[in-house]
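Enquirer: sequence plus predicted model, see below.
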Amino acid sequence: DAKTTQPTSMDCAEGRAANLPCNHSTISGNEYVYWYRQIHSQGPQYIIHGLKNNETNEMASLIITEDRKSSTLILPHATLRDTAVYYCIVRLTSGTYKYIFGTGTRLKVLA
Amino acid sequence: DTGVSQDPRHKITKRGQNVTFRCDPISEHNRLYWYRQTLGQGPEFLTYFQNEAQLEKSRLLSDRFSAERPKGSFSTLEIQRTEQGDSAMYLCASSPLGTGVLYGYTFGSGTRLTVV
């Protein structure tokens, strides 16, 4: 599976949009981009995933560049409860279904 | 169904003892995964079941570790002769069968193991 690169940490003011970048320059055509987050002492929580097109759900938006080498997770109006570690993962569309997690981005939402 | 359940939430054991953890996945989910997470790191894949079949095991899963999923429902992860390096959070996750890429996993809250 392709490796991803994320900033170690980010801060965001409450109520503002949080934009979390991820670099996956070696991604192949049959790999999806997934985002999970992990709030302290809990298991990771699925947020969103995509292949080529931008995606939006009730939690977040995912913007994938045209060359698919990077993506951005957007939390439109961050709240204190969004403080967590955010993981960007790429995964094949077939074969093993396991994820290879990196160390993620620690997002701190400030009051 | 309230999600993926793991039991116990916390376990403290002496080095050399055996421990067993249980995971109850979401009932209609055929796929079940075990991960291990140490402090400051992302979760690491241990093993994967589809129904009762164990289809993949990581090299992290030494011969002291064994996982089962009898009847394709709940799963157990046993660690024999525990070592201090086994101290970690053990996470279980499940997902539906079908086109796997269309679904994210649902993780449990984990079992935190401390070996003293």
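Expert: Received it, and whenever you're ready, just let me know what you need.

Enquirer: can you list the residues of chain A near chain B?
Expert: A:32, A:34, A:36, A:41-47, A:49, A:87, A:91-94, A:96-104 (Cβ under 8 Å from any Cβ of the partner chain). C-beta coordinates here come from the backbone N, C-alpha and C atoms, glycine included.

Enquirer: which intervals of chain A have sub-threshold pLDDT?
Expert: A:1-2, A:93-96 (pLDDT under 70).

Enquirer: in chain B, which residue is closest to the centre?
Expert: B:Trp34 (3.1 Å; Cα atoms, centre = their mean).

Enquirer: now for the strand or helix carrying that one, which elements pack on it?
Expert: Using DSSP states H and E, B:Trp34 sits within strand B:31-37. Strand B:31-37 sits against strand B:44-50, strand B:75-79, strand B:88-95, with contacts defined as 3 or more Cβ pairs under 8 Å, 6 or more residues apart in numbering or on different chains; DSSP states H and E.

Enquirer: list the buried residues of stretch A:43-58.
Expert: A:Gly43, A:Pro44, A:Gln45, A:Tyr46, A:Ile47, A:Ile48, A:His49, A:Gly50, A:Glu55 (16 or more other Cβ atoms under 10 Å in any protein chain shown).

Enquirer: show me the strands in chain A, by range?
Expert: Secondary structure of chain A (DSSP state E): strands at A:9-13, A:18-23, A:31-38, A:45-50, A:55-56, A:61-64, A:70-75, A:84-92, A:105-110.

Enquirer: quick one: closest of those to B:Arg9.
Expert: Among the strands of chain A, the nearest to B:Arg9 by Cβ to Cβ is strand A:31-38 (16.0 Å).

Enquirer: in its sheet, what does that closest one sit against?
Expert: strand A:45-50 (antiparallel), strand A:84-92 (antiparallel) (DSSP bridges).

Enquirer: that strand to strand B:88-95, inter-axis angle?
Expert: Interaxial angle, strand A:31-38 versus strand B:88-95 (axes from the mean of the first three to the mean of the last three Cα atoms, to 10 degrees): 130 degrees.

Enquirer: show me what contacts residue 76?
Expert: Unless you meant another one, I'm taking chain A. Taking Cβ atoms under 8 Å, 6 or more residues apart in numbering or on different chains, we find A:Pro76 in contact with A:Ala17, A:Ala60, A:Ser61.

Enquirer: hmm, I had chain B in mind actually
Expert: Per Cβ under 8 Å, 6+ apart, neighbours of B:Thr76: B:Thr20, B:Phe21, B:Arg22, B:Cys23, B:Ala67, B:Glu68, B:Arg69.

Enquirer: quick one: it and B:Ser95, what's the gap?
Expert: 19 Å (Cβ to Cβ, to the nearest Å).
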